[in-house]
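Asks: next comes the sequence, and after it the predicted model I'd like to discuss.
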Amino acid sequence: MSNLNYRQLFDEAFPESDPGVRYGQENCGLAIAAYERIILANQAPFQLWLRGKSNALTEQEKHGAVLFFGKANCASCHNGPNLANMEFHAQGMKDLFETTDNTYGANSESCENKGRYCFTKNDADLYKFKVPQLYNLTDSPFFGHGASFRSVREVVAYKNKGKKENLGVPDGQLAEQFKPLGLTEAEVDDITAFIERGLRDPNLLRYQPISVRSGQCFPNNDPQSKIDLGCN
């Protein structure tokens with residue numbers, strides 16, 4: 001840290017912190033969190049449309065937005081600034097150990113399969129998972145807490161059908177919003193278009209630094225990431 005001038009930066013960022021703990025894990029975590037808070041998707045077509053750019057959304061995306069906030073009632077859960085909230089709900093999706101892809105530490109006995117309950121030990125939290133944000137979803141290759149879906153449309157179709165795929169989740173734990181929505185295939189397509197394209201900020205790389213003081217790969221520096229990112 002000292003030879004990379006991080007100590008001076010921490011002195012400037014945390015001048016009131018005791019020098020004995022100023023360079024410890026807590027302040028490192030606060031520094032990383034401060035950076036993460038500036039990484040905001042705020043150039044998505046929907047956001048531009050809200051700011052008055054009437055042609056930012058296509059007609060299909062606009063119709064999808066009307067359905068999202070209306071008939072499909074997606075906004076009953078996805079309603080915060082990033083179209084998420086702090087709630088946890090059970091949607092009856094499959095768990096990580098059931099996916100065909102290799103996953104780290106996932107098996108049928110994993111406590112994580114029980115969702116928030118794994119942390120709270122409150123029976124009311126069984127099989128409930130955090131409501132996810134919806135911006136830039138297409139940058140991910142899989143969806144659902146157990147990675148059981150491979151496209152946004154699959155998730156929208158699943159929510160429209162309103163039938164659980166994980167038989168281990170009791171019906172009594174399912175969110176009241178998880179029920180058949182009665183959407184047509186065309187309406188599923190429209191909502192998908194709104195989420196995939198209307199809610200995607202195409203320029204998130206503006207937040208990526210050209211380099212970091214350590215010279216290591218960014219944002220990950222593990223051996224596989226070095227290969228994937230093409231850096232040393």
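Replies: Happy to help now that I have it.
Asks: Leu40: neighbouring residues, count only.
Replies: 14 (other C-beta atoms under 10 Å). (C-beta placed from N, C-alpha, C; glycine too.)
Asks: ok, now Asn3?
Replies: 7.
Asks: ok, it to Gly24 distance?
Replies: 18 Å (C-beta to C-beta, to the nearest Å).
Asks: burial count for the closest residue to Phe149 other than its chain neighbours?
Replies: Excluding its sequence neighbours, the residue lying closest to Phe149 (C-beta to C-beta, 6 or more residues apart in numbering) is Phe143, at 4.2 Å. Neighbour count for Phe143, taken as other C-beta under 10 Å: 21.
Asks: could you check how far the nearest residue to Ala84 once chain neighbours are set aside is from Asn79?
Replies: Spatial nearest neighbour of Ala84, excluding adjacent residues (C-beta to C-beta, 6+ apart): Gln133 at 4.0 Å. Gln133 sits 11 Å away from Asn79, going by C-beta to C-beta.
Asks: of the two, who's got more company?
Replies: Shown here are Gln133 and Asn79; by other C-beta under 10 Å, Gln133 has more neighbours (16 against 13).
Asks: show me where the protein has helices.
Replies: Under the criterion DSSP state H, the chain contains helices at 6-13, 25-37, 45-50, 59-69, 117-120, 152-161, 185-193, 223-229.
Asks: and the fifth one, which residues are buried?
Replies: Judged by neighbour count using 16 or more other C-beta atoms under 10 Å, the buried positions of helix 117-120 are Tyr117.
Asks: report all helices and strands that it contacts.
Replies: Contact analysis of helix 117-120 by 3 or more C-beta pairs under 8 Å, 6 or more residues apart in numbering; DSSP states H and E lists no helix or strand as a packing neighbour.
Asks: please save the CA atoms from it in PDB.
Replies: Extracted in PDB, the C-alpha atoms of helix 117-120 (Å, rounded to 0.1, in the frame of the first residue of the first chain):
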ATOM      1  CA  TYR A 117     -34.000 -17.800   6.000                       C
ATOM      2  CA  CYS A 118     -30.400 -18.900   5.800                       C
ATOM      3  CA  PHE A 119     -29.500 -15.600   7.500                       C
ATOM      4  CA  THR A 120     -32.500 -14.700   9.600                       C
END
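Asks: what residues does that helix touch?
Replies: Cys111, Glu112, Asp123, Asp125, Leu126, Tyr127, Lys128 (C-beta atoms under 8 Å, 6 or more residues apart in numbering).
Asks: can you pull out the low-pLDDT segments for this structure?
Replies: Within the chain, the stretches with pLDDT under 70 are 1-2, 232.
Asks: what's the neighbour count on Leu96?
Replies: Count around Leu96 with other C-beta under 10 Å applied: 19.
Asks: I am finished for the moment; much appreciated.
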